[in-house]
Structures are given as C-alpha cells and as structure tokens.
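Asker: Give me a 3D structure for the following:
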Amino acid sequence: TLLLEKGASIPPFHVSLRTKTLIWLMEKFGPDFVLPSMVSSEDSAANDYANQPEASSMVSSERAHAILLGQINNSDQLSGLDGPTLAKMEGRHRSAGGNTLRAAVLGASDGLVSNFNLVMGVAGAAVSSSNILLTGIAGLLAGGISMALGEWISVQSSRELYERQIGIEKEEIETNPEEEIEELILIYQAKGISEEVARPLAIKLLQNPDTALDTLARDELGIDPDDLGGSAFVAAFTSFLLFSVGAIIPVIPFFILTAQTAVYTSIAFSTVGLFLVGAITTLFTGRNIFYSGLRQILFGLLAAAATYFIGSLIGVSLS
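Answerer: I've put the predicted structure just below:
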C-alpha cells in the first residue's frame, strides 16, 4: 500500500529457494528445527525500516514481529498457541534451545575444511596416494571421535549440573516451603503480576511437590526438567556423523584415483562441498546464496593452499 501511494510498481511475489527449503525442513523435522533460523533472520531485519522516514510506521511492527517470534522460540508450547498463552510467554526460558540446523551445517563444515586442509598438506609433501588416503581416513576418525567426546562431555556435564540444581531445589521445597513460596511470588511480580494474584497462585502450586518442583525449575532456574539439555549419547553420535559427512568429501577421490588426478579431483569435490556449505548457511543468515557460497570457497581454498605449500616445504626438507 505504501509503495502504491508513492507511485512505485510492485514486482510479482515469488517464494524464494530459502523459504521453500525452510518449508521442506519444517515438514520433515517440525517447526522447532527451523524456528531459530527464522528468529535470526527476523532479528537481523527488525531495523530495516529505521532509516526510511516514509516507512516509519512499520518500524515498531517489524520489531514486534521479531520479539514475538523470539518468544515463540523460547516457549515449550510450539503448537496451538492462543492469545493468553502468548501473553504469558514473557520471561519463559528453555534450557535446551539452540539451532539444530546451524549446528549440523557447522559440524559438516568443520569436518570438510579440517580434513581438506589435512589432505592437501600431505599431498603437498608428495607422498603416495595410498598414504594420503590413510591420512584422510585417520583425520576423519580422529576429528570425529574428538568432536564426539567433546560433545558428550559438554552435554553430560550440563545434565549433571541441571540435575544437581534441581536436586537442591527439591530439597529446599521439602525443608523450607515458605521461602520457596516467597521466591515464586517475587518471580511472578517481576513478570508484572501483582502480589495479590501471585501469592495464592504460588501457595496453590507449592501444595503439589511435583508441580512445585517443575514450576520452580522452569521459572527460577530456567531449566526444562523433561529435557535437561538432551541425550549426551545422541549428541556425541550426531556430532561424529556430521563431522564425518564433511570430512569424507576430500577423501573420496583417493579410493578410486591416484597421483595428481586424485588431488585435483579432491580439490574439485571439496570446492563443491564448500559452496554447498556456504549456500546452506544462507538459511539462517538470509544472505545471497552465491555470495555466501563463493566466500566459503575462497576461504577454504586459501587455507588449503597454505597447508599444501607448508606440506611441500616439509616434504622437501624431509627429502
């Protein structure tokens, strides 16, 4: 409407490839899978109209969109959101948030870039194709196992910390329920609920130990007792798998080719992989696909060239 009022023509609307991809991912994995990417995109666009006086009426609307979408992302109730639920979401936190899609892309990217550099470094030392293949497989396994162990320790440590905090909260409910009632009242007051309303609500909740523990864990500690950060074993396996998906790309040619042909093919495979990684990142950055893909290729090839050069120097020195 604003464009028409200014006499501008409106181009035909087409659903972008990014949007189509997000729709497909949402249908396959659910809205929680793509919501963090949408939140990131909405946040980055929240101030797009700030420097456009003729569109000043849209600034607050865009910011409201970003805030609301962020609140939905922080809610455990992703289906069937109604007005009262939306009104109560302020201040809620979910302990196991994060962007699954972003983590998947970065995991594969890490495997691709690190193993591509390792393969090029060994290739620069002019060793045999079989040795390069062995090095690539060793790099895949070493990197994947390292990533998996690190992820397992991280998630398991978080779970143990959450369990300890919940255990302390449970003990406090049992030994000093009056103090917990006062804490819960203060939490609700901080959210804008009057003491007259908050006190009977807090007393009612504390009458049931299970409900009280669940409520205090979520509202006071910001922990979801049903999740606790997810499974450490699933996180470790997923981390290993995603790293391996990227790390195998530069190694594939050495299974079937030899000498410089395998090296050149590995570079070609890795270049395509780097472009795909860069393109996929546009799902949560909103940048141009070709810009992100070519940028990823540039950085990846520069790093590989550096390791190849260093490898060649080491190979000459060893010779």
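
Asker: only C-alpha atoms for contact and neighbour calcs from this point on.
Answerer: Will do.

Asker: Where do the helices of the stretch 151-300 of the chain begin and end?
Answerer: 177-190, 195-206, 209-219, 232-247, 253-256, 259-285, 289-318 (DSSP state H, counting those that start in this stretch).

Asker: give me the low-pLDDT residue ranges for the protein?
Answerer: By pLDDT under 70, the weakly predicted segments of the chain are 60, 71, 73-103, 172-176, 191, 209-210, 212, 215-230, 284-286, 315-319.

Asker: and L22, which of the helices of the stretch 151-300 of the chain is closest to it?
Answerer: The closest of the helices of the stretch 151-300 of the chain to L22 is helix 259-285. By C-alpha to C-alpha, the value is 7.3 Å.

Asker: Who are the packing partners of the closest one?
Answerer: Packed against helix 259-285, as judged by 3 or more C-alpha pairs under 8 Å, 6 or more residues apart in numbering; DSSP states H and E, are the following elements: helix 17-29, helix 31-45, helix 100-124, helix 253-256, helix 289-318.

Asker: Point out the most buried one among the ones you listed.
Answerer: helix 100-124 (a mean of 23; mean count of other C-alpha atoms under 10 Å).

Asker: could I get the helices and strands packed on helix 259-285 as TSV with distance to P53?
Answerer: Formatted as TSV, those follow (distance: least, C-alpha to C-alpha, whole Å):
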stretch	distance to P53
helix 17-29	29
helix 31-45	16
helix 100-124	35
helix 253-256	56
helix 289-318	30
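
Asker: looking at those, which is closest to L201?
Answerer: helix 31-45 (30.4 Å).

Asker: what helices or strands is that closest one leaning on?
Answerer: Right, helix 31-45 is packed against helix 17-29, helix 59-73, helix 100-124, helix 259-285 by 3+ C-alpha pairs under 8 Å, 6+ apart.

Asker: Any chance of a markdown table for these, columns distance to E195?
Answerer: Below are those laid out as a markdown table (distance: least, C-alpha to C-alpha, whole Å):
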| stretch | distance to E195 |
| --- | --- |
| helix 17-29 | 41 |
| helix 59-73 | 24 |
| helix 100-124 | 39 |
| helix 259-285 | 42 |
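
Asker: Kindly reformat the helices of the stretch 151-300 of the chain as CSV and extend each row with distance to I137.
Answerer: Shown next, in CSV, are these (distance: least, C-alpha to C-alpha, whole Å):
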stretch, distance to I137
helix 177-190, 53
helix 195-206, 56
helix 209-219, 44
helix 232-247, 9
helix 253-256, 10
helix 259-285, 14
helix 289-318, 17
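
Asker: tell me the most buried of these?
Answerer: Mean neighbour count (mean count of other C-alpha under 10 Å) peaks for helix 232-247 among the helices of the stretch 151-300 of the chain, with a mean of 22.

Asker: That one: how far from the chain's middle?
Answerer: 14 Å (C-alpha atoms, centre = their mean, to the nearest Å).

Asker: Quick one: work out the angle between that helix and helix 259-285.
Answerer: 130 degrees (axes from the mean of the first three to the mean of the last three C-alpha atoms, to 10 degrees).

Asker: Tell me the helices and strands packed up against helix 232-247.
Answerer: helix 100-124, helix 129-175.

Asker: Report the angle between that helix and helix 129-175.
Answerer: Angle, helix 232-247 to helix 129-175, by the same axes, to 10 degrees: 150 degrees.
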